[in-house]
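In: fold the stuff below for me.
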Amino acid sequence: MAQRIRGWMRGMVRRTRSDRGMTTSEYAVGTIAACAFAAVLYKVVTSAPVMTALQSLLKDALDAKF
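Out: Next up, the predicted model:
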């Protein structure tokens with residue numbers, strides 16, 4: 001009886017730890033999500049209002065009086 005239970009437990013552990021075929025698709029989805037986020041961030045940073053704000057911020061920082 002104890003051997004049957006141990007065998008059943010080993011089978012359950014093997015089934016729950018199986019990652020075959022998952023890692024490649026996870027990397028692909030993660031890469032696509034990172035590229036999409038980078039594209040959105042690039043569009044936001046290169047937009048006119050953000051560029052103006054960044055230029056103003058840099059100008060104020062360089063013109064600071066000590």
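In: name the helices or strands packed onto the stretch of helix or strand residue 49 belongs to?
Out: Residue 49 is part of helix 48-62 when elements are defined by DSSP states H and E. With contacts taken as 3 or more Cβ pairs under 8 Å, 6 or more residues apart in numbering; DSSP states H and E, helix 48-62 sits against helix 22-45. In this view, the C-beta of every residue, glycine as well, is placed from N, C-alpha and C.
In: what packs against the helix it packs on?
Out: Secondary-structure packing of helix 22-45 (3+ Cβ pairs under 8 Å, 6+ apart): helix 48-62.
In: quick one: mean pLDDT for the helix it packs on?
Out: Across helix 48-62, pLDDT averages out at 92.
In: tell me what angle that helix forms with helix 22-45.
Out: On the basis of axes from the mean of the first three to the mean of the last three Cα atoms, to 10 degrees, helix 48-62 is oriented at 70 degrees to helix 22-45.
In: okay, buried residues for the helix holding residue 49 please.
Out: By 16 or more other Cβ atoms under 10 Å, helix 48-62 has no buried positions at all.
In: how far is it from where the chain is centred?
Out: Put simply, helix 48-62 sits 29 Å off its chain's centre (Cα atoms, centre = their mean, to the nearest Å).
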